[in-house]
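>>> no FASTA, just this:
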């Protein structure tokens, strides 16, 4: 939410309402969504035009978490939930989605810092970084601002956020942008830990300045106009002058509030509006209203006290306890709960080509499969033979050109008799859940068996690649680039950093003499890995090679093959956006089912900048694998993975260099013996 103009006004007043503060050895409540986006947008080396550099983003989040640890600060990260209170914020959310759509389709390397879009796996990466430091991460069921403010106020914890809503709840708020620019901790002599320099909002001074009782302060948000309700449209006396600046508006609003007792304020505000606007305003007043001592879900979840919050599905059935616990522990993103409770699936923004179909479309079968499990709580015991099959309507938002459209997609729980019931998932055998997963992914027995020849932590990634290949028909250079990126990101090195497998805790594994791929992966040599990184740097594929790249925009991948390293192909980015969508929804379907396949670490497995440049290089070099012939262990692994994936898909993707590539594939089996 937020009150337009209030935060800027507070900052302009300087020390009047903000005091220098050193944060150390304390617990803080963190507006996690706000923090994740702020760190991302303040980092100018994320290359958003390429769809997500998750290893670098993970490092940024870890740097900030390390800073908190250094200062002995214990954060409680609170994420917004998927449910809006009575859907009050629907119009505002749609406006935000349209803004993200505009930015995502206009994003190119030359303007990417102005038109950046928070990447698809950004929140998952943030959560992983927090859990690595053993920080508590909680996802609220609803919009988290009110509950976060009430819990923080009751526990006397400061709140770290740049959301202006916290200002009018009277909490001790630390604006994110008040942290010193380098986010560096300062060691104070005589103290055991360092301290973080920042500023803290003085709510008592703000109230004194306005000559308002603290109980009236939340209603100031209504009169000033917040994100969900524009008070300029109210037919009130103090809105007659259209050119009020913020100071004038606040003075008039405070003066109006001083004239009324707290119990009379809601009725008086409602009397100022037309009848048709009263229902919406009542909801807003309830949000900002009398909240002292109100129990919160955060309090119950953190302290085990208070009243448990029961959430019902759209069919008015209480959701299973295991599911709600997982949701509140941020195992699932907020939109998962929204599907169960509202049967709505909102628009997802990614950098993509405007003229191409919406990047979620290739993943819709996975979305339907995931939704079938979620909605099985309401739509159960339906047989295929039933003549009166109950329809489950999923309202889906699609990008259509430069606009967002809603469509109702009817599907039946009875279309697939093996759909696991949401309530029963923890009790089902893993084999039953794996069969359903394979059915949704359209994986046959051969593909399922072959996927398990890969290391456990990338099996789901390979399965997603097969689905992507079947749904989108990528070109061979796009497939090969994805394979090369996977090998490099997982084991050869987090490109440009020169890390090898032995120093990578996610990639560590034992060799299996009966499994060629696992055996080759476990036998990667450090010197070969270092040499492979050097080869990639020399060919302009890494960010270390091109610190400040200047790209020429080319929308078509079949452009002339000449110095492609500095050409920006939006259609290549779009193709990988489709893959990323598939991997994203596969990740959460797998997690919802209790992980029939081991999870893939998205931090290691996707880097858009690196992937784009690899695709450009491979496109112009038909015999690209031979480039790594001097790195024997890397060379053998790459050839084996390419061969195996080709057998999984039967080579069914567009051939850029069909004759050369097929000839190379025929030669590989013999060369592996060398």
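Nice, I can see it. What you see is a predicted model; the values in this text were computed from it and never measured.
>>> got the contact list for the helix or strand encompassing residue 248?
Per DSSP states H and E: residue 248 is located in helix 246-258. Residues from elsewhere that reach helix 246-258, judged by CB atoms under 8 Å, 6 or more residues apart in numbering: 5-6, 8-9, 210-212, 216, 219-220, 223-224, 238, 241, 244, 265. Just so you know, the C-beta spots here come from the backbone N, C-alpha and C atoms, and that holds for glycine as well.
>>> So among those residues, which ones count as buried?
Using 16 or more other CB atoms under 10 Å as the burial test, the contacts of helix 246-258 include 5-6, 9, 210, 212, 216, 219-220, 223-224, 238, 244, 265 as buried.
>>> and the residues you listed as a markdown table, adding secondary structure, distance to residue 65 and pLDDT?
Compiled in a markdown table, the buried ones among the contacts of helix 246-258 are given as follows (DSSP: H, G, I helix; E, B strand; the rest coil; distance: CB to CB, whole Å; pLDDT from 0 to 100):
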| residue | secondary structure | distance to residue 65 | pLDDT |
| --- | --- | --- | --- |
| 5 | coil | 32 | 79 |
| 6 | helix | 29 | 82 |
| 9 | helix | 31 | 83 |
| 210 | helix | 37 | 84 |
| 212 | coil | 38 | 85 |
| 216 | helix | 38 | 83 |
| 219 | helix | 37 | 82 |
| 220 | helix | 34 | 81 |
| 223 | helix | 39 | 79 |
| 224 | helix | 34 | 77 |
| 238 | helix | 46 | 48 |
| 244 | coil | 43 | 59 |
| 265 | helix | 42 | 83 |
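>>> With respect to residue 478, which of these is nearest?
Comparing the buried ones among the contacts of helix 246-258 against residue 478 with CB to CB places residue 5 closest, at 46.6 Å.
>>> need the contact list for that closest one.
Contacts of residue 5 by CB under 8 Å, 6+ apart are 224, 246.
>>> hmm, back to that, okay, among the contacts of helix 246-258, which ones form the most distant pair?
Farthest pair in the contacts of helix 246-258, by CB to CB: 8 and 265, 25.6 Å.
>>> Identify the neighbouring strands of whichever strand or helix holds residue 198 in the sheet and state each direction.
For residue 198, the element it lies in under DSSP H and E is strand 194-201. Using DSSP bridges, strand 194-201 pairs in its sheet with strand 18-23 (antiparallel), strand 185-187 (antiparallel).
>>> Out of these, which gets the lowest mean score?
Per-stretch mean pLDDT for the strands paired with strand 194-201 is lowest at strand 185-187 (a mean of 58).
>>> Give me the below-cutoff pLDDT ranges for the stretch 151-300 of the chain.
Scanning the stretch 151-300 of the chain with the threshold set as pLDDT under 70 gives 180-193, 225-244, 287-297, 299-300.
>>> What segments of it are strands?
Listed in chain order, the strands of the stretch 151-300 of the chain (DSSP state E, counting those that start in this stretch) span 159-160, 173-174, 185-187, 194-201.
>>> Tell me which of those strands is the most buried.
Each of those was scored by mean neighbour count; the highest is strand 159-160, a mean of 28, by mean count of other CB atoms under 10 Å.
>>> Can you classify residue 621 as helix, strand or coil?
Secondary structure, DSSP: H, G, I helix; E, B strand; the rest coil: residue 621 is coil.
>>> surely it meets residue 615?
No - if you go by CB atoms under 8 Å, residue 621 and residue 615 don't touch, sitting 11.2 Å apart.
>>> all strands of the protein, in order?
Applying DSSP state E to the chain gives strands spanning 18-23, 27-31, 74-79, 136-139, 159-160, 173-174, 185-187, 194-201, 344-345, 392-400, 403-411, 552-554, 567-569.
>>> Against which helices or strands is the fifth one packed?
Secondary-structure packing of strand 159-160 (3 or more CB pairs under 8 Å, 6 or more residues apart in numbering; DSSP states H and E): strand 27-31, helix 145-155, strand 173-174.
>>> 10 Å instead?
strand 27-31, helix 32-42, strand 74-79, helix 145-155, helix 165-168, strand 173-174, strand 194-201 (3 or more CB pairs under 10 Å, 6 or more residues apart in numbering; DSSP states H and E).
>>> Tell me which strands it pairs with, and in which orientation.
Paired with strand 159-160 in the same sheet, following DSSP bridges, are strand 27-31 (parallel), strand 173-174 (parallel).
>>> Take the ones you listed and write them to TSV, including distance to residue 577.
Compiled in TSV, these are given as follows (distance: least, CB to CB, whole Å):
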stretch	distance to residue 577
strand 27-31	28
strand 173-174	36
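>>> ranking those by burial, who's on top?
Comparing the strands paired with strand 159-160 by mean neighbour count (mean count of other CB under 10 Å), strand 173-174 comes out on top with a mean of 26.
>>> what does it contact?
Strand 173-174 is contacted by residues 7, 10, 18, 21, 23, 28-31, 149, 152, 158-167, 196, 198-203 when judged by CB atoms under 10 Å, 6 or more residues apart in numbering.
>>> now do stretch 94-106
Residues from elsewhere that reach stretch 94-106, judged by CB under 10 Å, 6+ apart: 48-49, 51, 89, 111-112, 114-118, 227, 346-355, 358-359, 397, 399, 401-404, 406, 570, 577.
>>> Just the ones of those in helices?
When those are checked against helices (DSSP state H), the matches are 570, 577.
>>> Quick one: the helices and strands packed on strand 159-160 as a markdown table, columns for distance to residue 127 too.
A markdown table is the format used below for the helices and strands packed on strand 159-160 (distance: least, CB to CB, whole Å):
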| stretch | distance to residue 127 |
| --- | --- |
| strand 27-31 | 12 |
| helix 32-42 | 8 |
| strand 74-79 | 8 |
| helix 145-155 | 17 |
| helix 165-168 | 22 |
| strand 173-174 | 22 |
| strand 194-201 | 22 |
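>>> and of those, who's closest to residue 393?
Comparing those by their distance to residue 393 (CB to CB), the top pick is strand 74-79, with 27.8 Å.
>>> Give the buried residues for the closest one.
Neighbour-count burial for strand 74-79, counted by 16+ other CB under 10 Å, picks out 75, 76, 77, 78, 79.
>>> mind listing what the residue lying farthest from the centre of the chain touches?
When distances are taken from the C-alpha mean of the chain, residue 259 lies farthest, 45.6 Å away, according to CA atoms, centre = their mean. In this structure, residue 259 makes contact with 265, 268, judged by CB under 10 Å, 6+ apart.
>>> Then residue 178?
Contact analysis of residue 178 by CB under 10 Å, 6+ apart lists 11, 18, 20, 21, 160, 162, 197, 198, 199, 200, 201.
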